[in-house]
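Undergrad: I'll drop the sequence and a predicted model, then ask my questions.
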Amino acid sequence: MPAQPLQRRWAPLRRCLAHGLGPHTAALGAALIAVPVLAALAIAERQSLGEQKSRAALIATAILQRSESVSAQIDAAFKSLTAQHNDAPCADDNLARMVRAAANSGALSAVGYVRNHRLLCSSYGRQRQGIDLGPPDMLSRTHYMVWTAVALPGIGDKKYLVSVDQASGYAAILHPEGPLDLPIEQPDTRVGLYGLSLREAITQRGAFKPEWSAQLAQGSAVQFFDGQFVVALQRSQHYDYAAYAAIPALRWRQGWESLALLLVPLGLLAGFLFALLVLQVSRNQKALPALLRQALKKHELFLEYQPIVELATGRWVGAEALIRWRRPNGEMVPPDVFIPIAENSQLIEHITERVIDLIASDTAQLLRAHPDFYIGINLSAADFQSPKISDKLHALTQTLGLRPMHRTVASSACPWVTRPPALTPNTTAMR
């Protein structure tokens, strides 16, 4: 990575450390370690929750697809039976059609005929008195009556789900768990179908909470965490029901803990390394005042002059003197590092004196040859309070025979000046 971009990236940290961490060093080090760990925990929690939401959504989608396939088979069976009008639905020829319709469907246990809530006949044969189904458990918006758990003697010893077309009276009989017959990795996951009209379960493996349905509203799908379960709901676009899958929070927490066991050590390592880096930088910064004193003695500081151009004419009318520090090994120390250190260690006046001396040696001939040219320098708040700096500026003007217009002074614009310099006799003397 290039040196200059890296220096700019670390500049805010260097400015903080330039003032010295003092008693806060330990607290900062602890924070630098704790932050990546807390971030790792938050990432693990979010990642695990996202994974469980995705898993629940996949299960709900699979259940919905299987349920819509079953519903399509029911539609096909009813269509084949109503294609030929028959005033005697339980006649032998119509019973034969029921047998064929049930055989053509892999999902249906039987096909029958219901009148006045009584199953009169089915693909298993006629019922003498008919089987009383009782009131339906729900009535769908598509005009189907649904019984969710009905005992049907003569058909089987289990309870069946019965769906009846109100218009024709034909009934589809199937095992309630047929639409849920999917391999699910986590057996404690709740799955099922619920009716959109009444928000009640049609078929389920694990209890359905009616309040879940409010999360779906008019949407087609939603995933959420209710405090106990990671829930996914998937609405059918063709039928009056939706599928749900609810994974217990325990599964989410287990995934979170597993992921945290991987990420937290990485966060600890990153935080520890970063804390070491900060502490090392802090130690280096504490050594800088001594290095800066040596730099002043060994004349390692020099000036760069930034042109000041008159925009109307494009003429170079002056320059701003900018202090720079080059170490003996050629390394450049950025001003935003050594200027605040100089201010905190009472070296700033010495640096300003060095600036004035360099201007005197660098620009004397230039200023005499170009009387309208001027030099600008930046002074700190301490410089404005210093009689020595005021006297040195006055001596510079007298020595070089300059008029006041040859120089401009400005309070430093850097963030280490906490308040503007007060007007004092020294300030007035600089004018």
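TA: Looks like it arrived, so ask away. Numbering: from 1, shown residues only.

Undergrad: Could I get the full set of strands for the stretch 1-150 of the chain?
TA: If DSSP state E, counting those that start in this stretch is used as the criterion, the strands of the stretch 1-150 of the chain fall at 110-115, 118-122, 125-132, 138-139, 144-151.

Undergrad: Check what contacts the shortest one and list those residues.
TA: This points to strand 138-139. Around strand 138-139, the neighbours that count as contacts under Cβ atoms under 8 Å, 6 or more residues apart in numbering are Met145, Val146, Thr148, Gly195, Ser197, Leu198, Glu200, Ile202. Quick note: C-beta positions are derived from backbone N, CA and C, even for glycine.

Undergrad: excluding its backbone neighbours, what's nearest the second one?
TA: Ranked by Cβ to Cβ, 6 or more residues apart in numbering and with sequence neighbours excluded, the top spatial neighbour of Val146 is Met138, at 4.9 Å.

Undergrad: Over to the third one?
TA: Using Cβ to Cβ, 6+ apart and skipping the chain neighbours, the partner closest in space to Thr148 is Asp137 (4.7 Å).

Undergrad: Kindly report the same for the last one.
TA: Sequence neighbours aside, Leu193 is the residue nearest to Ile202 in space, at 4.4 Å (criterion: Cβ to Cβ, 6+ apart).

Undergrad: helix/strand/coil for that neighbour?
TA: The three-state assignment at Leu193 reads strand, by DSSP: H, G, I helix; E, B strand; the rest coil.

Undergrad: pretty sure it contacts Ala245?
TA: No - in this structure Leu193 lies outside contact range of Ala245 using Cβ atoms under 8 Å: 10.9 Å.

Undergrad: who touches both of those two?
TA: In contact with both Leu193 and Ala245: Ile63, using Cβ under 8 Å, 6+ apart.

Undergrad: what number of residues lie near Tyr124?
TA: By the criterion of other Cβ atoms under 10 Å, Tyr124 has 19 neighbours.

Undergrad: again with Lys388
TA: As a burial measure, Lys388 scores 13 neighbours (other Cβ under 10 Å).

Undergrad: where's it, which helix or strand?
TA: Element membership for Lys388 (DSSP states H and E) is helix 387-400.

Undergrad: helices or strands next to that helix in the packing?
TA: Applying 3 or more Cβ pairs under 8 Å, 6 or more residues apart in numbering; DSSP states H and E, one finds that helix 387-400 contacts helix 348-369, strand 407-411, helix 425-430.

Undergrad: export the strands of the stretch 1-150 of the chain to CSV and tack on mean pLDDT and mean neighbour count?
TA: Conversion of the strands of the stretch 1-150 of the chain to CSV gives the following (pLDDT from 0 to 100; neighbours: other Cβ atoms under 10 Å):
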stretch, mean pLDDT, mean neighbour count
strand 110-115, 94, 24
strand 118-122, 93, 21
strand 125-132, 87, 14
strand 138-139, 88, 18
strand 144-151, 90, 19
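
Undergrad: right, so of the ones you listed, which gets closest to Val317?
TA: Ranking those by their distance to Val317 (criterion: Cβ to Cβ) puts strand 138-139 first, at 89.3 Å.

Undergrad: my guess is Ile202 is in a strand, correct?
TA: Yes - applying three-state DSSP, one finds Ile202 inside a strand.

Undergrad: my read: it touches Trp147, true?
TA: No - using Cβ under 8 Å, Ile202 is not in contact with Trp147; the gap is 10.1 Å.

Undergrad: tell me, what's touching those two both at once?
TA: In contact with both Ile202 and Trp147: Leu161, using Cβ under 8 Å, 6+ apart.

Undergrad: For stretch 213-230, buried residues please.
TA: Neighbour-count burial for stretch 213-230 flags Ser213, Leu216, Val222, Gln223, Phe229, Val230 (criterion: 16 or more other Cβ atoms under 10 Å).
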